[in-house]
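Asker: When you get a sec, could you give me coordinates for this:
(chains A and B)
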Amino acid sequence: MPDTSPYRLPAAPRGTGRRRGLTRRTALVAAPVLGLGLLTACDLPGIDDGEPDDAGATPAADADTEADLAVVAEAIDAVEPVAAQVAAAVAAAPDLAPGLSGLADLHTAHLDDLRAADAGSAPSSSPSTTATGVPPAAATDPATLLAAVRQAEVGLAAALADLAVDCRSGALARLLAMMAAGIDQQLAAGAGAA
Amino acid sequence: MSTPLEALQETLAAEHAAVWLYAALGGRVPTDDAPELRVTLTAAYDAHRARRDLLVRLVRDAGEEPVAAAASYVAPAPLDTVEQVLAAAQRAETAAATTYAAWVASSVGEGRRTAAAALRDAAVRVVGLGGAPATYPGQ
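Answerer: Below is the predicted model of the structure:
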């Protein structure tokens, strides 16, 4: 008799885990999600499992891969300034730190995964909380800072969801949509609320 | 990974279960005891019912017969306290988020946009039900 429990909802497909002999191109896209089990080589057209990069690849598949790497770079460019804004708000008003720590940690985790995916490509020119320090906040009033952070986070979640629609890989789309959902959860939990 | 149509059907099957579950949970919460939870459960029920109807349309638009609800479901147990009802709803919504994340991966274009919106909606509802935020809701 089939299990009809409402808790047995269909689960998401999982990745195949860490592989040996990753090519550079494989590593570019698979690296951030090997730990998550989201993106795997087989998820992205043009990605192989250790064969030479051009073995079996087609120009169209390569184009898809390149397009997705561009989406990863766009995602990094979207997250970095918001992460920096959160850090700047905390620097300007340290009392905000407890309420914003969830968002700060979330962005750090997301950027780590995105940057791992982007490894080997040109470094981002956007400000980074780790590479360039924390830019000063324009305001020092905590309520104003929080409102600005919240607005930026709402915009970032929407941008990540849009990027999910734009990318070729379903696994990357899932990752980006989950990032947006993570921000939504932080905001729902009260992060950035006055 | 599922085909887009398989993902739609799997998500629809999950929505049938969610609609049934929220109806069951709503019946376990006396209005006087936990009015806020009653409102939350009703809102969740309405949201899942609307998404179920949308998925039925999407499957039909794709030329397939939508999967039907199961003849019966097994209610989680125990559901004797408000806390137990809340926990059951939280688990169901977390599972729904996972299902929607799979739908995101298996869809394209506007279908994927709808799936992502469903994922984000479920993720927020998890927190509204007292769940903790996750780094990757739906994972």
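Asker: can you pull the contacts of B:Asp121?
Answerer: Shown in contact with B:Asp121 (Cβ atoms under 8 Å, 6 or more residues apart in numbering or on different chains): B:Ala47. Just so you know, the C-beta spots here come from the backbone N, C-alpha and C atoms, and that holds for glycine as well.
Asker: Against B:Val108, how distant is it?
Answerer: 20 Å (Cβ to Cβ, to the nearest Å).
Asker: Show me where chain B has its helices.
Answerer: Here chain B has its helices, by DSSP state H, at B:4-26, B:35-61, B:82-106, B:109-128.
Asker: most neighbours per residue, which of the ones you listed?
Answerer: The highest mean neighbour count among the helices of chain B, using mean count of other Cβ atoms under 10 Å in any protein chain shown, belongs to helix B:82-106: a mean of 24.
Asker: quick check, distance from that one to the centre of its chain.
Answerer: 6 Å (Cα atoms, centre = their mean, to the nearest Å).
Asker: quick one: B:Ala70 from B:Glu15, how far?
Answerer: B:Ala70 is 12 Å from B:Glu15, where distance means Cβ to Cβ.
Asker: I should have written A:Ala148 there, sorry.
Answerer: From A:Ala148 over to B:Glu15 (counting by Cβ to Cβ), the distance is 37 Å.
Asker: try B:Ala50
Answerer: 9 Å.
Asker: Ok, A:Arg115 next?
Answerer: Relative to B:Glu15, A:Arg115 is positioned 36 Å away (Cβ to Cβ).
Asker: Just the mean pLDDT for the one helix or strand A:Arg115 maps to, thanks.
Answerer: Here A:Arg115, judged by DSSP states H and E, is contained in helix A:97-118. In this model, helix A:97-118 has a mean pLDDT of 94.
Asker: What residues sit buried inside it?
Answerer: Across helix A:97-118, burial judged by 16 or more other Cβ atoms under 10 Å in any protein chain shown covers A:99-100, A:102-104, A:106-108, A:110-111, A:113-118.
Asker: These also near chain B: which ones?
Answerer: Among those, proximity to chain B is found for A:102, A:106, A:110 (Cβ under 8 Å from any Cβ of the partner chain).
Asker: and which of the residues you listed is nearest to B:Thr40?
Answerer: The closest of these to B:Thr40 turns out to be A:Gly102 (Cβ to Cβ; 21.8 Å).
Asker: Show the contacting residues for that closest one.
Answerer: A:186, A:189, A:191, B:133 are the contacts of A:Gly102 under Cβ under 8 Å, 6+ apart.
Asker: now, the most widely separated pair of those residues?
Answerer: The widest separation within the contacts of A:Gly102 (Cβ to Cβ) is 8.1 Å, between A:Ala191 and B:Pro133.
Asker: Any regions of chain B where pLDDT drops low?
Answerer: B:1 (pLDDT under 70).
Asker: As a quick check, tell me the outermost residue of it.
Answerer: When each C-alpha in chain B is compared with the mean C-alpha position (Cα atoms, centre = their mean), B:Asp32 comes out farthest, at 25.5 Å.
Asker: ok, that residue to B:Leu41 distance?
Answerer: Distance of B:Asp32 to B:Leu41, computed by Cβ to Cβ: 15 Å.
Asker: List the buried residues for the helix or strand harbouring A:Ala78?
Answerer: According to DSSP H and E, A:Ala78 maps onto helix A:59-92. Residues of helix A:59-92 classed as buried: A:62, A:64-65, A:68-69, A:71-76, A:78-92 (neighbour count, 16+ other Cβ under 10 Å).
Asker: Kindly report the same for stretch A:185-194.
Answerer: Quick answer for stretch A:185-194 (16+ other Cβ under 10 Å): A:185-189, A:191-192.
Asker: Quick check: which of the residues you listed are also close to chain B?
Answerer: Answer for those near chain B (Cβ under 8 Å from any Cβ): A:185-186, A:188-189.
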